[in-house]
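J.: here you go, sequence then predicted model.
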Amino acid sequence: MTVTARDAAPRLLAIDTATAVAVVAIGGADGRLDASDGWPAGYRHGEDLLPRIRALLAARDVALGDLSGVIVGTGPGAFTGLRVGIATAKGIAHALRLPIAGVSSGVALLAAAAETEATNPVLLLPAGPNDTVLVRSRMAPERIPGGSAPGLGGGETLVAVDLDGRAPVEALARGEAARSGFAAALLRLGAERLTTGQGDDLARLVPEYVTLPRGVAATSGEVAWSRDPR
């Protein structure tokens with residue numbers, strides 16, 4: 001858990017469960033990160049997320065009434081964690097009547113990567129046990145079949161997350177560097193949307209799944225483009 005100095009201004013809460021490491025963070029309306037917590041969530045998002053949020057708020061002496069908005073990562077990601085994170089963020093925003101902003105987890109990771117030594121980064125994430133998904137800024141994610149290498153343009157730098165043994169070592173190292181700045185980037189991008197009045201409607205805010213469990217269909221509005229249901 002990373003903690004920095006506190007002030008009494010209203011706080012924003014950020015949540016992301018799109019990758020193998022779940023993240024919660026709090027910060028100011030200006031997008032400045034105050035504190036964050038990240039942990040390998042496995043399949044325990046439902047058990048761990050709310051206790052982690054409560055612990056982070058308590059560590060900063062922040063009450064629920066101090067929150068002025070909620071930010072949530074929308075993916076791309078797998079069904080198990082992503083649905084829990086977005087449902088939790090929506091529940092908090094609804095209960096406290098707070099504005100909410102969805103931020104692409106991939107875009108936030110790219111923003112974090114750009115703060116490191118990665119030049120013109122593109123992000124590679126898992127999409128099931130074999131496929132991957134390539135994320136570029138301002139472009140739709142690209143599904144890449146298993147066994148195929150991502151096609152990179154001139155000057156692009158590959159950043160890989162959650163792909164141990166499936167991506168080049170140097171790309172994985174860039175992914176870990178990006179992950180270290182992910183909470184700050186997610187909070188900053190969400191704060192920009194909220195302060196300019198570009199928050200989301202709770203009913204229209206949906207996750208972007210890359211895989212769905214066997215027999216589960218995306219509900220109305222949810223983005224799901226899995227070729228490998230499981």
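T.: Nice, I can see it.
J.: looking at this structure, which helix or strand does the model trust least?
T.: One helix or strand of the chain scores below all others by mean pLDDT, DSSP states H and E: strand 2-3, with a mean of 46.
J.: list the buried residues of the helix or strand following that one.
T.: With elements assigned by DSSP states H and E, the helix or strand that comes after strand 2-3 is strand 11-16. Within strand 11-16, the residues scored as buried using 16 or more other CB atoms under 10 Å are Arg11, Leu12, Leu13, Ala14, Ile15, Asp16. Where C-beta positions appear, they are placed from N, C-alpha and C, glycine not excepted.
J.: which one of these is nearest to Gly69?
T.: For these, the residue nearest Gly69 by CB to CB is Leu12; the value is 4.9 Å.
J.: just to revisit the earlier point, how about the buried residues of strand 11-16 in a markdown table, adding pLDDT and distance to Glu117?
T.: A markdown table is the format used below for those (pLDDT from 0 to 100; distance: CB to CB, whole Å):
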| residue | pLDDT | distance to Glu117 |
| --- | --- | --- |
| Arg11 | 95 | 31 |
| Leu12 | 98 | 28 |
| Leu13 | 98 | 30 |
| Ala14 | 98 | 25 |
| Ile15 | 98 | 28 |
| Asp16 | 97 | 23 |
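J.: want to try TSV for the residues you listed, with distance to Asp131 as columns?
T.: What follows is the buried residues of strand 11-16, written out as TSV (distance: CB to CB, whole Å):
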residue	distance to Asp131
Arg11	38
Leu12	34
Leu13	32
Ala14	28
Ile15	26
Asp16	21
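J.: in the protein, which spans are strands?
T.: For the chain, the strands defined by DSSP state E occupy 2-3, 11-16, 21-28, 33-40, 67-73, 77-78, 100-103, 121-127, 131-135, 142-144, 157-160, 208-211, 223-224.
J.: would you format those strands as JSON lines with distance to Ala173 included?
T.: Output for the strands of the chain, formatted as JSON lines (distance: least, CB to CB, whole Å):
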{"stretch": "strand 2-3", "distance to Ala173": "20"}
{"stretch": "strand 11-16", "distance to Ala173": "21"}
{"stretch": "strand 21-28", "distance to Ala173": "15"}
{"stretch": "strand 33-40", "distance to Ala173": "17"}
{"stretch": "strand 67-73", "distance to Ala173": "22"}
{"stretch": "strand 77-78", "distance to Ala173": "21"}
{"stretch": "strand 100-103", "distance to Ala173": "24"}
{"stretch": "strand 121-127", "distance to Ala173": "13"}
{"stretch": "strand 131-135", "distance to Ala173": "17"}
{"stretch": "strand 142-144", "distance to Ala173": "20"}
{"stretch": "strand 157-160", "distance to Ala173": "9"}
{"stretch": "strand 208-211", "distance to Ala173": "23"}
{"stretch": "strand 223-224", "distance to Ala173": "30"}
